[in-house]
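Participant: Build me a model:
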Amino acid sequence: MDNKASHEARTYHHIPTMNNLKTKKPNSPNNTPSPWSTLWTYSIMSAIALLMLFPLLWLLSTSLKSPSENIFQYPPQLWPQQPTLENFIKVWQTNPFGRYLFNSTLIAGLTVSINVLFCALAAYPLARLNFRGREAILITIVSTIMIPFQIVMIPLYILTVQLGLKNSYLGVIFPGLASAFGIFLLRQAFLAVPKELEEAARIDGCTELGIWWHVMIPAIKPALVTLGIFVFIGSWSDFLWPLLVLDRPEYYTLPLGVANLAGTFSLDWRLVAAGSIISIVPVLGLFLLLQKYIVPTETAAGVKG
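Facilitator: Numbering: from 1, shown residues only. Okay, the predicted model is just below:
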């Protein structure tokens with residue numbers, strides 16, 4: 001009897017436990033990347049990043065060069081010999097860039113707010129409600145992404161003129177009230193929200209609109225921020241549509257102002273570069289400010305089961 005017990009004890013002693021499995025380290029050294037591999041990877045990534053940033057760096061360098069420097073010299077010189085802010089001051093004093101900046105900020109802000117609101121309202125029933133023809137509506141909306149804007153530009157312009165929206169802020173905002181991409185993006189975000197949260201809110205007596213506002217909107221905040229950034233960049237940098245609907249300079253946006261600057265100072269590209277930098281800085285600032293919100297959220301963490 002004692003021999004049998006001792007044999008079972010020895011057998012149990014050799015069975016690996018979960019702690020032993022967790023603390024056991026692999027014997028193969030291939031699981032850890034070598035320092036040379038890490039250095040090579042970071043070198044390639046740094047080279048690609050520098051290549052992508054070079055046009056922006058060259059634009060900034062041109063805007064900081066003094067009139068005595070040759071911006072077309074060969075070989076090109078990235079760092080200015082005599083850096084100066086004179087180009088920015090001259091651009092700001094000779095052109096109403098403050099008005100252009102206000103117009104672009106107002107138009108982009110309203111476009112983002114209205115677009116995100118309408119896309120969220122349209123995406124919620126397509127994701128969470130069951131009704132006849134839902135898939136057909138979704139396919140129709142998504143298929144419009146393949147239609148270039150230039151095809152609908154003329155009919156949209158005629159409609160804008162007939163509605164009396166030419167030379168107005170609302171006329172510039174009109175095409176961006178909603179977007180198929182935004183509806184599809186938010187629909188996919190709504191689909192990822194656990195149904196338990198929706199059912200709990202419905203048991204508490206919350207209406208569909210209340211569920212949309214109090215449960216769904218907070219759950220898809222990263223998707224809303226992502227859509228807002230895309231819409232802001234598209235509205236801020238749009239040139240063709242404001243050029244069509246705006247004839248009065250007091251409504252010009254920054255892209256139109258920079259284009260007007262290029263026509264005024266066609267021989268001095270330093271001023272054109274300075275105006276371009278002024279129009280780029282708000283977009284970069286917005287992205288740096290909101291990039292921390294573009295992260296996936298663990299919505300399912302609030303579900304106990």
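Participant: Show the pLDDT at Ile89.
Facilitator: Looking at Ile89, its pLDDT reads 91.
Participant: before we move on, what about Lys4?
Facilitator: Lys4 is given a pLDDT of 50.
Participant: And for Asn70?
Facilitator: On the pLDDT scale, Asn70 gets 82.
Participant: Measure how buried it is and give me the count.
Facilitator: Look at Asn70: counted by other Cβ atoms under 10 Å, it has 9 neighbours. Bear in mind the C-beta positions are built from the backbone N, C-alpha and C, glycine included.
Participant: same deal with Glu208?
Facilitator: Residues near Glu208, counting by other Cβ under 10 Å: 15.
Participant: quick one: average pLDDT of stretch 78-86?
Facilitator: 87.
Participant: Return the set of buried residues in that stretch.
Facilitator: By neighbour count on 16 or more other Cβ atoms under 10 Å, the buried set for stretch 78-86 is 80, 84, 86.
Participant: elements contacting the longest helix seen in the chain?
Facilitator: The longest helix of the chain (DSSP state H) is helix 97-128. The contact analysis (3 or more Cβ pairs under 8 Å, 6 or more residues apart in numbering; DSSP states H and E) places helix 97-128 against helix 134-143, helix 169-173, helix 180-191, helix 221-236, helix 254-264, helix 269-290.
Participant: As PDB, could you dump the C-alpha coordinates of the fifth one?
Facilitator: Extracted C-alpha coordinates of helix 254-264, given in PDB (Å, rounded to 0.1, in the frame of the first residue of the first chain):
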ATOM      1  CA  LEU A 254      -8.100  79.200 -47.200                       C
ATOM      2  CA  PRO A 255      -7.500  77.000 -50.300                       C
ATOM      3  CA  LEU A 256      -9.100  79.800 -52.400                       C
ATOM      4  CA  GLY A 257      -7.000  82.400 -50.600                       C
ATOM      5  CA  VAL A 258      -3.800  80.400 -51.300                       C
ATOM      6  CA  ALA A 259      -4.800  80.100 -55.000                       C
ATOM      7  CA  ASN A 260      -5.400  83.800 -55.100                       C
ATOM      8  CA  LEU A 261      -2.000  84.400 -53.500                       C
ATOM      9  CA  ALA A 262      -0.300  82.300 -56.100                       C
ATOM     10  CA  GLY A 263      -1.900  84.500 -58.800                       C
ATOM     11  CA  THR A 264      -0.900  87.700 -57.000                       C
END
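Participant: Can you name the element that comes right after the helix or strand harbouring Ser37?
Facilitator: Ser37 is part of helix 35-64, with elements assigned from DSSP states H and E. As assigned by DSSP H and E, the chain's next helix or strand after helix 35-64 is helix 86-94.
Participant: what residues does that next one touch?
Facilitator: Outside helix 86-94, the residues that touch it by Cβ atoms under 8 Å, 6 or more residues apart in numbering are 63-67, 97-98, 261, 264, 270-271, 273-275, 277-278.
Participant: try stretch 163-179
Facilitator: 103, 106-107, 110-111, 114-115, 118-119, 122, 149, 156, 160, 231, 234-235, 241-242, 245-248, 251, 253.
Participant: Quick one, grab the pLDDT at Ser1.
Facilitator: In this structure residue 1 is Met, not Ser. For Met1, pLDDT reads 47.
Participant: How far off centre is the helix holding Ser37?
Facilitator: 21 Å (Cα atoms, centre = their mean, to the nearest Å).
Participant: Equivalent analysis for stretch 87-103, please.
Facilitator: Using Cα atoms, centre = their mean, the offset of stretch 87-103 from its chain centre is 26 Å.
Participant: If you count neighbours, what's buried in that stretch?
Facilitator: For stretch 87-103, by 16+ other Cβ under 10 Å, it's 87-88, 91, 95, 97, 99-101, 103.
Participant: Would you mind measuring the gap between the ends of that stretch?
Facilitator: End-to-end distance for stretch 87-103: 22 Å, by Cα to Cα, to the nearest Å.
Participant: quick one, the longest helix of the chain and helix 254-264 angle?
Facilitator: 140 degrees (axes from the mean of the first three to the mean of the last three Cα atoms, to 10 degrees).
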